[in-house]
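S.K.: A structural model of the following input is requested.
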Amino acid sequence: MSYFEEKDSEVLREIVKTQIEIFELAEEKGYDMESFAVTYMTSDFCNREMDSEWSYYHFKQANVCLPLITGEITKTTSEKADTVLCNPGWVGGIYRYLVAYSGLSSREVVKILPPAELDDLYYTYENCEYEEAAHDIIRKFQ
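M.R.: Numbering: from 1, shown residues only. Have a look, this model is predicted:
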């Protein structure tokens with residue numbers, strides 16, 4: 001059982017909410033979301049702050065967190081791509097739950113399940129709670 005599974009589910013929901021908002025803000029700013037998802041999940045910020053047991057940034061607004069990875073965002077990430085994620089916020093939220101429930105790092109999770117593949121699962125789980133979808137996805141990829 002990972003540290004986050006032991007955490008109060010409301011606390012984890014707030015952390016997930018922050019990550020959802022980061023992904024939604026990145027989309028609003030016009031980032032290529034497939035590239036952004038990989039860049040974010042492999043960023044020092046995400047792995048240092050969002051993957052940690054406790055971080056000041058777990059409960060901050062997206063506009064506070066997103067600028068902290070701008071140095072890691074490449075030109076490719078900042079350009080609109082031909083491919084789009086149908087629901088970037090959902091992808092961001094599921095990624096955070098996958099990290100929390102699997103005990104893997106963000107870098108490991110995005111390597112195992114790239115954003116386009118996760119995005120393809122959206123319509124399968126669109127009527128499920130994030131937690132339920134994350135547990136089911138983990139079972140399928142083990």
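
S.K.: pull the CA atoms of stretch 49-65 into CSV?
M.R.: Extracted C-alpha coordinates of stretch 49-65, given in CSV (Å, rounded to 0.1, in the frame of the first residue of the first chain):
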residue,chain,number,x,y,z
GLU,A,49,6.8,18.2,-5.3
MET,A,50,3.7,16.3,-6.6
ASP,A,51,5.1,12.8,-5.9
SER,A,52,6.3,13.7,-2.4
GLU,A,53,4.5,12.7,0.8
TRP,A,54,3.9,16.4,1.5
SER,A,55,4.4,19.5,-0.6
TYR,A,56,3.3,23.1,-0.3
TYR,A,57,2.2,22.8,-3.9
HIS,A,58,-0.2,20.0,-3.4
PHE,A,59,-2.9,22.5,-2.4
LYS,A,60,-1.9,25.5,-4.6
GLN,A,61,-3.7,26.8,-7.6
ALA,A,62,-2.5,25.8,-11.1
ASN,A,63,-1.3,29.3,-11.9
VAL,A,64,1.2,29.0,-9.0
CYS,A,65,2.4,25.6,-10.1
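
S.K.: for it, what is the distance to the chain centroid?
M.R.: 12 Å (CA atoms, centre = their mean, to the nearest Å).

S.K.: what's it in contact with?
M.R.: Residues outside stretch 49-65 that contact it (CB atoms under 8 Å, 6 or more residues apart in numbering): 3, 14-15, 18-19, 21-22, 24-25, 45, 48, 68, 96, 99, 105-106. For the C-beta atoms, the positions are set from N, CA and C on the backbone; glycine is no exception.

S.K.: ok, the spatially most central residue of the chain - contacts?
M.R.: Centroid-nearest residue in the chain: Gly92, 3.0 Å away (criterion: CA atoms, centre = their mean). Listed by CB under 8 Å, 6+ apart, the contact partners of Gly92 are 19-20, 22-24, 37, 40.

S.K.: try it again at 6 Å.
M.R.: Contacts for Gly92 were tallied using CB atoms under 6 Å, 6 or more residues apart in numbering; they are 19-20, 23.
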